[in-house]
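Engineer: Sharing a model that was predicted from the sequence below.
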Protein chains: 2
Amino acid sequence: MSASPLLDQLIEALRCLPGVGQKSAQRMAYHLLERDREGGVRLAARLAEAMEKIGHCERCRDFSEVPVCPLCASPARETQLLCVVETPADRLAIELATGYRGLYFVLQGRLSPLDGIGPRELGLDLLAARLAAGDVGELIIATNPTVEGEATAHYLAQLARQHGVRPSRLAHGLPLGGELEYIDRGTLAHAFGSRSEIPS
Amino acid sequence: MSASPLLDQLIEALRCLPGVGQKSAQRMAYHLLERDREGGVRLAARLAEAMEKIGHCERCRDFSEVPVCPLCASPARETQLLCVVETPADRLAIELATGYRGLYFVLQGRLSPLDGIGPRELGLDLLAARLAAGDVGELIIATNPTVEGEATAHYLAQLARQHGVRPSRLAHGLPLGGELEYIDRGTLAHAFGSRSEIPS
Ligand SMILES: [Zn+2]
Ligand SMILES: [Zn+2]
(Lines give C-alpha, C1' and ligand atoms only; values in the text may rest on other atoms or scores of the structure.)
(Ligands and ions follow the chains in the order given, each with its own letter.)
Protein backbone atom coordinates (compact mmCIF):
# COMPACT_ATOMS: atom_id res chain seq x y z
CA MET A 1 0.00 0.00 0.00
CA SER A 2 2.80 2.40 0.93
CA ALA A 3 6.07 2.61 -0.99
CA SER A 4 7.72 0.27 1.55
CA PRO A 5 6.59 -3.24 2.51
CA LEU A 6 8.66 -3.02 5.73
CA LEU A 7 6.77 0.15 6.64
CA ASP A 8 3.43 -1.57 6.03
CA GLN A 9 4.53 -4.42 8.30
CA LEU A 10 5.56 -1.96 11.02
CA ILE A 11 2.19 -0.19 10.82
CA GLU A 12 0.39 -3.53 11.06
CA ALA A 13 2.54 -4.58 14.05
CA LEU A 14 1.86 -1.30 15.90
CA ARG A 15 -1.84 -2.11 15.87
CA CYS A 16 -1.30 -4.73 18.58
CA LEU A 17 -1.10 -1.76 20.98
CA PRO A 18 -4.43 -1.08 22.73
CA GLY A 19 -6.31 1.93 21.33
CA VAL A 20 -4.12 2.15 18.24
CA GLY A 21 -5.96 1.97 14.91
CA GLN A 22 -4.66 2.17 11.34
CA LYS A 23 -4.38 5.97 11.34
CA SER A 24 -2.54 6.26 14.67
CA ALA A 25 -0.24 3.39 13.74
CA GLN A 26 0.65 5.22 10.51
CA ARG A 27 1.39 8.43 12.40
CA MET A 28 3.54 6.57 14.91
CA ALA A 29 5.57 4.85 12.20
CA TYR A 30 6.12 8.08 10.25
CA HIS A 31 7.05 9.94 13.42
CA LEU A 32 9.69 7.39 14.41
CA LEU A 33 11.15 7.14 10.90
CA GLU A 34 11.23 10.88 10.29
CA ARG A 35 12.00 12.29 13.72
CA ASP A 36 13.06 9.69 16.27
CA ARG A 37 14.87 6.64 14.93
CA GLU A 38 16.90 6.46 18.13
CA GLY A 39 13.67 6.23 20.13
CA GLY A 40 12.40 3.53 17.78
CA VAL A 41 15.58 1.47 18.12
CA ARG A 42 15.46 1.80 21.91
CA LEU A 43 11.78 0.85 22.00
CA ALA A 44 12.49 -2.26 19.90
CA ALA A 45 15.20 -3.37 22.32
CA ARG A 46 13.14 -2.65 25.45
CA LEU A 47 10.14 -4.49 24.02
CA ALA A 48 12.14 -7.57 23.06
CA GLU A 49 13.81 -7.71 26.46
CA ALA A 50 10.58 -7.15 28.40
CA MET A 51 8.60 -9.77 26.45
CA GLU A 52 11.36 -12.32 26.98
CA LYS A 53 12.36 -11.66 30.58
CA ILE A 54 9.38 -10.34 32.52
CA GLY A 55 7.36 -12.98 34.30
CA HIS A 56 5.43 -12.87 37.57
CA CYS A 57 6.74 -12.59 41.12
CA GLU A 58 6.16 -15.96 42.78
CA ARG A 59 5.00 -14.24 45.99
CA CYS A 60 2.75 -11.36 44.84
CA ARG A 61 2.09 -12.18 41.13
CA ASP A 62 3.06 -8.66 40.04
CA PHE A 63 5.25 -8.40 36.94
CA SER A 64 8.87 -9.15 37.75
CA GLU A 65 12.03 -10.23 35.95
CA VAL A 66 13.32 -11.98 39.09
CA PRO A 67 11.59 -14.85 40.98
CA VAL A 68 10.76 -12.59 43.97
CA CYS A 69 10.20 -8.91 43.15
CA PRO A 70 12.15 -6.15 44.98
CA LEU A 71 9.09 -5.10 46.98
CA CYS A 72 8.36 -8.61 48.30
CA ALA A 73 12.07 -9.10 49.02
CA SER A 74 12.43 -5.81 50.89
CA PRO A 75 13.13 -6.19 54.64
CA ALA A 76 11.62 -2.72 55.18
CA ARG A 77 8.01 -3.74 54.52
CA GLU A 78 5.57 -4.78 57.25
CA THR A 79 4.87 -8.45 56.55
CA GLN A 80 1.69 -8.71 58.65
CA LEU A 81 -0.21 -6.38 56.27
CA LEU A 82 -1.24 -7.77 52.88
CA CYS A 83 -3.11 -5.62 50.37
CA VAL A 84 -4.93 -7.35 47.50
CA VAL A 85 -5.32 -5.41 44.24
CA GLU A 86 -6.64 -6.36 40.83
CA THR A 87 -3.76 -5.05 38.71
CA PRO A 88 -0.14 -3.84 38.86
CA ALA A 89 -1.46 -0.36 37.98
CA ASP A 90 -3.65 -0.41 41.11
CA ARG A 91 -0.69 -1.45 43.25
CA LEU A 92 1.34 1.43 41.79
CA ALA A 93 -1.52 3.89 42.42
CA ILE A 94 -1.73 2.88 46.11
CA GLU A 95 2.04 2.99 46.47
CA LEU A 96 2.15 6.54 45.07
CA ALA A 97 -0.93 7.86 46.92
CA THR A 98 -0.55 6.41 50.41
CA GLY A 99 2.09 5.78 53.03
CA TYR A 100 1.30 2.05 53.03
CA ARG A 101 4.36 -0.01 54.01
CA GLY A 102 2.90 -3.53 53.93
CA LEU A 103 2.99 -6.13 51.17
CA TYR A 104 0.74 -6.70 48.14
CA PHE A 105 -0.97 -9.49 46.30
CA VAL A 106 -1.87 -8.81 42.65
CA LEU A 107 -4.81 -10.81 41.30
CA GLN A 108 -4.12 -9.84 37.67
CA GLY A 109 -7.89 -9.75 37.20
CA ARG A 110 -11.10 -10.26 39.19
CA LEU A 111 -13.57 -13.09 39.61
CA SER A 112 -15.63 -13.32 36.45
CA PRO A 113 -17.26 -16.77 36.07
CA LEU A 114 -18.77 -15.91 32.68
CA ASP A 115 -15.27 -15.26 31.31
CA GLY A 116 -13.92 -18.41 32.91
CA ILE A 117 -11.95 -16.46 35.52
CA GLY A 118 -12.22 -18.27 38.84
CA PRO A 119 -10.12 -18.50 42.03
CA ARG A 120 -7.46 -20.59 40.29
CA GLU A 121 -6.88 -17.99 37.55
CA LEU A 122 -6.37 -15.29 40.19
CA GLY A 123 -3.82 -17.36 42.11
CA LEU A 124 -6.05 -17.63 45.17
CA ASP A 125 -4.50 -21.00 46.10
CA LEU A 126 -1.23 -19.11 46.50
CA LEU A 127 -2.99 -16.44 48.57
CA ALA A 128 -4.68 -19.08 50.73
CA ALA A 129 -1.29 -20.68 51.41
CA ARG A 130 0.09 -17.33 52.59
CA LEU A 131 -2.90 -16.78 54.86
CA ALA A 132 -2.55 -20.34 56.22
CA ALA A 133 1.13 -19.74 57.01
CA GLY A 134 0.00 -17.39 59.76
CA ASP A 135 2.15 -14.34 58.98
CA VAL A 136 -0.70 -12.12 57.84
CA GLY A 137 -2.73 -10.20 60.44
CA GLU A 138 -4.87 -8.04 58.16
CA LEU A 139 -5.94 -8.61 54.57
CA ILE A 140 -6.64 -5.19 53.01
CA ILE A 141 -8.99 -5.77 50.08
CA ALA A 142 -8.52 -3.05 47.47
CA THR A 143 -10.41 -4.45 44.50
CA ASN A 144 -12.28 -1.98 42.31
CA PRO A 145 -15.69 -0.66 43.46
CA THR A 146 -17.41 -2.39 40.52
CA VAL A 147 -19.88 -5.28 40.60
CA GLU A 148 -17.17 -7.85 39.87
CA GLY A 149 -14.71 -6.15 42.17
CA GLU A 150 -17.23 -6.26 45.03
CA ALA A 151 -17.98 -9.94 44.39
CA THR A 152 -14.25 -10.64 44.45
CA ALA A 153 -13.90 -8.68 47.71
CA HIS A 154 -16.71 -10.75 49.25
CA TYR A 155 -14.94 -13.97 48.26
CA LEU A 156 -11.58 -12.72 49.60
CA ALA A 157 -13.13 -11.65 52.92
CA GLN A 158 -14.52 -15.17 53.41
CA LEU A 159 -11.15 -16.67 52.53
CA ALA A 160 -9.43 -14.42 55.09
CA ARG A 161 -11.88 -15.35 57.85
CA GLN A 162 -11.41 -19.06 57.11
CA HIS A 163 -7.77 -18.59 58.04
CA GLY A 164 -8.41 -16.38 61.05
CA VAL A 165 -7.20 -13.25 59.26
CA ARG A 166 -9.03 -9.91 59.67
CA PRO A 167 -10.30 -8.65 56.29
CA SER A 168 -10.69 -4.91 55.66
CA ARG A 169 -11.98 -2.91 52.74
CA LEU A 170 -11.09 0.60 51.54
CA ALA A 171 -13.48 3.20 52.94
CA HIS A 172 -16.49 4.22 50.96
CA GLY A 173 -15.87 7.43 49.18
CA LEU A 174 -14.59 5.71 46.09
CA PRO A 175 -16.98 6.63 43.29
CA LEU A 176 -19.13 3.60 42.42
CA GLY A 177 -18.48 2.07 39.02
CA GLY A 178 -15.12 3.85 38.81
CA GLU A 179 -11.71 2.34 38.13
CA LEU A 180 -9.36 2.59 41.09
CA GLU A 181 -6.43 3.26 38.79
CA TYR A 182 -7.93 6.62 37.71
CA ILE A 183 -9.01 8.03 41.05
CA ASP A 184 -7.16 11.17 42.18
CA ARG A 185 -4.47 10.64 44.81
CA GLY A 186 -6.23 12.61 47.54
CA THR A 187 -9.43 10.55 47.37
CA LEU A 188 -7.49 7.33 47.16
CA ALA A 189 -5.27 8.23 50.13
CA HIS A 190 -8.33 9.17 52.19
CA ALA A 191 -10.20 5.99 51.32
CA PHE A 192 -7.13 3.91 52.07
CA GLY A 193 -6.63 5.60 55.44
CA SER A 194 -10.22 5.11 56.58
CA ARG A 195 -10.58 1.49 55.52
CA SER A 196 -12.90 -0.47 57.78
CA GLU A 197 -12.99 -4.03 59.01
CA ILE A 198 -15.52 -6.16 57.15
CA PRO A 199 -18.15 -7.37 59.66
CA SER A 200 -19.01 -11.07 59.55
CA MET B 1 8.47 2.57 40.68
CA SER B 2 6.83 -0.69 39.58
CA ALA B 3 7.97 -4.08 40.78
CA SER B 4 10.08 -4.51 37.63
CA PRO B 5 12.84 -2.16 36.39
CA LEU B 6 12.56 -3.69 32.89
CA LEU B 7 8.86 -2.82 32.89
CA ASP B 8 9.62 0.78 33.91
CA GLN B 9 12.13 1.00 31.06
CA LEU B 10 9.57 -0.34 28.59
CA ILE B 11 6.98 2.20 29.75
CA GLU B 12 9.52 4.99 29.38
CA ALA B 13 10.51 3.78 25.89
CA LEU B 14 6.86 3.63 24.75
CA ARG B 15 6.54 7.35 25.44
CA CYS B 16 8.59 8.09 22.31
CA LEU B 17 5.39 7.32 20.39
CA PRO B 18 3.42 10.47 19.51
CA GLY B 19 0.37 11.05 21.70
CA VAL B 20 1.42 8.45 24.27
CA GLY B 21 1.76 9.73 27.84
CA GLN B 22 2.69 7.91 31.05
CA LYS B 23 -0.78 6.43 31.55
CA SER B 24 -1.20 5.11 28.00
CA ALA B 25 2.34 3.75 27.99
CA GLN B 26 1.55 1.85 31.19
CA ARG B 27 -1.63 0.40 29.71
CA MET B 28 0.21 -0.62 26.54
CA ALA B 29 2.96 -2.38 28.49
CA TYR B 30 0.51 -4.23 30.75
CA HIS B 31 -1.63 -5.22 27.79
CA LEU B 32 1.32 -6.71 25.89
CA LEU B 33 2.70 -8.53 28.95
CA GLU B 34 -0.63 -9.90 30.08
CA ARG B 35 -2.44 -10.56 26.81
CA ASP B 36 -0.26 -10.32 23.73
CA ARG B 37 3.40 -11.23 24.18
CA GLU B 38 3.48 -12.58 20.65
CA GLY B 39 2.36 -9.19 19.33
CA GLY B 40 5.00 -7.48 21.47
CA VAL B 41 7.76 -9.73 20.15
CA ARG B 42 6.62 -9.17 16.58
CA LEU B 43 6.45 -5.41 17.10
CA ALA B 44 9.99 -5.39 18.52
CA ALA B 45 11.31 -7.20 15.46
CA ARG B 46 9.41 -5.01 12.97
CA LEU B 47 10.54 -1.84 14.70
CA ALA B 48 14.19 -2.86 14.75
CA GLU B 49 14.11 -3.87 11.08
CA ALA B 50 12.24 -0.74 9.98
CA MET B 51 14.51 1.66 11.88
CA GLU B 52 17.57 -0.01 10.40
CA LYS B 53 16.53 -0.61 6.81
CA ILE B 54 14.02 2.04 5.77
CA GLY B 55 15.54 5.06 4.07
CA HIS B 56 14.20 7.33 1.36
CA CYS B 57 13.59 6.56 -2.32
CA GLU B 58 16.23 8.46 -4.29
CA ARG B 59 13.64 9.49 -6.88
CA CYS B 60 10.54 10.50 -4.88
CA ARG B 61 11.87 10.80 -1.28
CA ASP B 62 9.08 8.57 0.08
CA PHE B 63 10.09 5.97 2.65
CA SER B 64 11.67 2.94 0.98
CA GLU B 65 13.97 0.08 1.89
CA VAL B 66 15.34 -0.08 -1.67
CA PRO B 67 17.11 2.74 -3.55
CA VAL B 68 14.17 3.26 -5.92
CA CYS B 69 10.73 2.50 -4.48
CA PRO B 70 8.35 0.08 -6.26
CA LEU B 71 6.06 2.90 -7.37
CA CYS B 72 8.86 4.92 -9.00
CA ALA B 73 10.24 1.73 -10.56
CA SER B 74 6.88 0.63 -11.97
CA PRO B 75 6.68 0.68 -15.80
CA ALA B 76 2.88 1.06 -15.49
CA ARG B 77 2.93 4.65 -14.22
CA GLU B 78 2.65 7.71 -16.50
CA THR B 79 6.01 9.46 -16.20
CA GLN B 80 4.90 12.81 -17.58
CA LEU B 81 2.67 13.46 -14.54
CA LEU B 82 4.35 14.34 -11.26
CA CYS B 83 2.33 14.99 -8.12
CA VAL B 84 4.02 16.79 -5.21
CA VAL B 85 2.76 16.02 -1.70
CA GLU B 86 3.97 17.00 1.75
CA THR B 87 4.01 13.56 3.37
CA PRO B 88 3.90 9.82 2.62
CA ALA B 89 0.45 9.79 4.25
CA ASP B 90 -0.77 12.34 1.70
CA ARG B 91 0.61 10.23 -1.13
CA LEU B 92 -1.21 7.21 0.25
CA ALA B 93 -4.46 9.17 0.62
CA ILE B 94 -4.33 10.26 -3.05
CA GLU B 95 -3.42 6.77 -4.20
CA LEU B 96 -6.41 5.30 -2.33
CA ALA B 97 -8.92 8.02 -3.27
CA THR B 98 -8.17 8.71 -6.93
CA GLY B 99 -7.36 6.89 -10.12
CA TYR B 100 -4.11 8.80 -10.52
CA ARG B 101 -1.49 6.78 -12.40
CA GLY B 102 1.39 9.26 -12.53
CA LEU B 103 4.41 9.59 -10.26
CA TYR B 104 4.91 11.39 -6.94
CA PHE B 105 7.41 13.59 -5.21
CA VAL B 106 7.26 13.64 -1.41
CA LEU B 107 8.57 16.81 0.24
CA GLN B 108 8.60 15.27 3.74
CA GLY B 109 7.54 18.69 5.02
CA ARG B 110 6.68 22.14 3.73
CA LEU B 111 8.52 25.45 3.43
CA SER B 112 8.79 26.95 6.89
CA PRO B 113 11.61 29.51 7.11
CA LEU B 114 11.09 30.11 10.83
CA ASP B 115 11.77 26.41 11.49
CA GLY B 116 14.77 26.42 9.18
CA ILE B 117 12.98 24.37 6.53
CA GLY B 118 13.88 25.75 3.13
CA PRO B 119 14.06 24.37 -0.45
CA ARG B 120 17.14 22.29 0.35
CA GLU B 121 15.45 20.47 3.27
CA LEU B 122 12.53 19.54 1.00
CA GLY B 123 14.81 18.14 -1.71
CA LEU B 124 13.77 20.78 -4.22
CA ASP B 125 17.17 20.58 -5.94
CA LEU B 126 16.27 16.98 -6.77
CA LEU B 127 12.84 18.08 -7.99
CA ALA B 128 14.39 20.86 -10.11
CA ALA B 129 16.72 18.33 -11.74
CA ARG B 130 13.74 16.14 -12.67
CA LEU B 131 11.89 19.11 -14.14
CA ALA B 132 15.02 20.15 -16.04
CA ALA B 133 15.39 16.66 -17.50
CA GLY B 134 12.29 17.37 -19.59
CA ASP B 135 10.22 14.25 -18.83
CA VAL B 136 7.56 16.03 -16.79
CA GLY B 137 4.64 17.71 -18.58
CA GLU B 138 2.48 18.64 -15.60
CA LEU B 139 3.43 19.25 -11.99
CA ILE B 140 0.38 18.56 -9.84
CA ILE B 141 0.84 20.48 -6.60
CA ALA B 142 -1.02 18.74 -3.77
CA THR B 143 0.35 20.50 -0.71
CA ASN B 144 -2.05 21.09 2.17
CA PRO B 145 -4.51 24.01 2.00
CA THR B 146 -2.78 25.72 4.95
CA VAL B 147 -0.81 28.97 4.96
CA GLU B 148 2.53 27.17 4.73
CA GLY B 149 1.18 24.68 2.20
CA GLU B 150 -0.04 27.51 -0.02
CA ALA B 151 3.31 29.31 0.22
CA THR B 152 5.03 26.05 -0.73
CA ALA B 153 2.62 25.63 -3.66
CA HIS B 154 3.42 29.14 -4.86
CA TYR B 155 7.15 28.38 -4.76
CA LEU B 156 6.67 25.07 -6.58
CA ALA B 157 4.54 26.70 -9.29
CA GLN B 158 7.32 29.19 -9.99
CA LEU B 159 9.89 26.40 -10.08
CA ALA B 160 7.77 24.48 -12.59
CA ARG B 161 7.35 27.49 -14.86
CA GLN B 162 11.10 28.16 -14.80
CA HIS B 163 11.52 24.75 -16.42
CA GLY B 164 8.65 25.11 -18.86
CA VAL B 165 6.45 22.68 -16.93
CA ARG B 166 2.72 23.35 -16.45
CA PRO B 167 1.86 23.62 -12.73
CA SER B 168 -1.60 22.66 -11.48
CA ARG B 169 -3.25 22.75 -8.08
CA LEU B 170 -6.03 20.59 -6.63
CA ALA B 171 -9.45 22.20 -7.08
CA HIS B 172 -10.88 24.33 -4.36
CA GLY B 173 -13.33 22.42 -2.31
CA LEU B 174 -10.70 21.30 0.15
CA PRO B 175 -11.66 22.82 3.50
CA LEU B 176 -9.28 25.66 4.34
CA GLY B 177 -6.95 25.01 7.26
CA GLY B 178 -7.59 21.29 7.03
CA GLU B 179 -5.05 18.51 6.73
CA LEU B 180 -5.20 16.71 3.40
CA GLU B 181 -4.54 13.37 5.07
CA TYR B 182 -7.84 13.53 6.95
CA ILE B 183 -10.18 14.59 4.15
CA ASP B 184 -12.79 12.03 3.14
CA ARG B 185 -12.08 10.11 -0.06
CA GLY B 186 -15.00 11.57 -2.03
CA THR B 187 -13.98 15.16 -1.48
CA LEU B 188 -10.36 14.37 -2.16
CA ALA B 189 -11.17 12.49 -5.38
CA HIS B 190 -13.38 15.36 -6.58
CA ALA B 191 -10.77 18.00 -5.80
CA PHE B 192 -8.09 15.92 -7.48
CA GLY B 193 -10.22 15.44 -10.61
CA SER B 194 -11.01 19.13 -10.99
CA ARG B 195 -7.54 20.46 -10.40
CA SER B 196 -6.85 23.62 -12.38
CA GLU B 197 -3.80 25.04 -14.04
CA ILE B 198 -2.16 27.80 -12.03
CA PRO B 199 -2.30 31.04 -14.08
CA SER B 200 0.93 33.02 -14.35
ZN1 LIG C 1 6.36 -9.65 44.58
ZN1 LIG D 1 10.01 6.50 -5.17
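Structural biologist: Perfect, thanks for sending it. Ligands and ions are numbered 1, 2, ... in the order given.

Engineer: need the contact list for the residue of chain A found nearest ligand 2.
Structural biologist: Nearest residue of chain A to ligand 2, counting by Cβ to the ion: A:Ala3, 5.6 Å away. Every residue, glycine included, has its C-beta placed from N, CA and C. A:Ala3 sits next to B:57, B:60, B:62-64, B:69-72, B:88, B:91 when contact means Cβ atoms under 8 Å, 6 or more residues apart in numbering or on different chains.

Engineer: buried ones in stretch A:118-127?
Structural biologist: Residues of stretch A:118-127 classed as buried under the neighbour-count rule (16 or more other Cβ atoms under 10 Å in any protein chain shown) are A:119, A:122-124, A:127.

Engineer: circling back: please, a PyMOL command that selects the buried ones among the contacts of A:Ala3?
Structural biologist: Selecting only the buried entries of the contacts of A:Ala3 in PyMOL, with 16+ other Cβ under 10 Å as the criterion:
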select buried, chain B and resi 57+60+62+63+64+69+71+72+88+91
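
Engineer: What about the contacts of A:Ala3, which are in strands?
Structural biologist: Under the assignment DSSP state E, those contribute B:63-64 to strands.

Engineer: Out of the contacts of A:Ala3, which are close to ligand 1?
Structural biologist: For ligand 1, no contacts are drawn from these by Cβ under 5 Å from the ion.

Engineer: quick check: domain ranges of chain A?
Structural biologist: Split into domains by automatic domain parsing, chain A comes to A:5-52, A:63-169.

Engineer: what is the mean pLDDT for the longest one?
Structural biologist: It stands for domain A:63-169. Mean pLDDT, domain A:63-169: 93.

Engineer: for it, how far is the first residue from the last?
Structural biologist: 24 Å (Cα to Cα, to the nearest Å).

Engineer: And chain B, is it touching that?
Structural biologist: Yes - using Cβ under 8 Å from any Cβ of the partner chain, domain A:63-169 reaches chain B at A:63-65, A:69-72, A:87-89, A:91-92, A:95-96, A:108.

Engineer: Relative to A:Pro167, how far out is the residue of chain A closest to ligand 2?
Structural biologist: Distance of A:Ala3 to A:Pro167, given as Cβ to Cβ, to the nearest Å: 61 Å.

Engineer: repeat for A:Ala25
Structural biologist: With Cβ to Cβ as the criterion, A:Ala25 and A:Pro167 are 45 Å apart.

Engineer: so how far is the longest strand along chain A from its chain's centroid?
Structural biologist: Assignment by DSSP E gives strand A:78-85 as the longest strand of chain A. A distance of 15 Å separates the centroid of the chain from that of strand A:78-85, by Cα atoms, centre = their mean, to the nearest Å.

Engineer: How about stretch A:26-39?
Structural biologist: For stretch A:26-39, the distance to the chain centre is 30 Å (Cα atoms, centre = their mean).

Engineer: right, is that stretch up against chain B?
Structural biologist: Yes - using Cβ under 8 Å from any Cβ, stretch A:26-39 comes into contact with chain B via A:26-34, A:36-37, A:39.

Engineer: What are the contacting residues of that stretch?
Structural biologist: Under the criterion Cβ under 8 Å, 6+ apart, residues A:7, A:10-11, A:14, A:20, A:40, A:43, B:13, B:16-19, B:47, B:50-51, B:54, B:63, B:87-89, B:92, B:108 lie in contact with stretch A:26-39.

Engineer: Now intersect those residues with the strands, please.
Structural biologist: B:Phe63.

Engineer: Also within reach of ligand 2: list those from the contacts of stretch A:26-39.
Structural biologist: Okay, of the contacts of stretch A:26-39, nothing touches ligand 2 (Cβ under 5 Å from the ion).

Engineer: Just the ones in helices from the contacts of stretch A:26-39, please.
Structural biologist: Judged by DSSP state H, helices contain the following of the contacts of stretch A:26-39: A:7, A:10-11, A:14, A:40, A:43, B:13, B:47, B:50-51, B:88-89, B:92.

Engineer: Just the buried residues from those, in ChimeraX please.
Structural biologist: Per 16+ other Cβ under 10 Å, the buried members of the ones in helices among the contacts of stretch A:26-39 correspond to this ChimeraX selection:
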select /A:7,10,11,14,40,43 /B:13,47,50,51,88,89,92
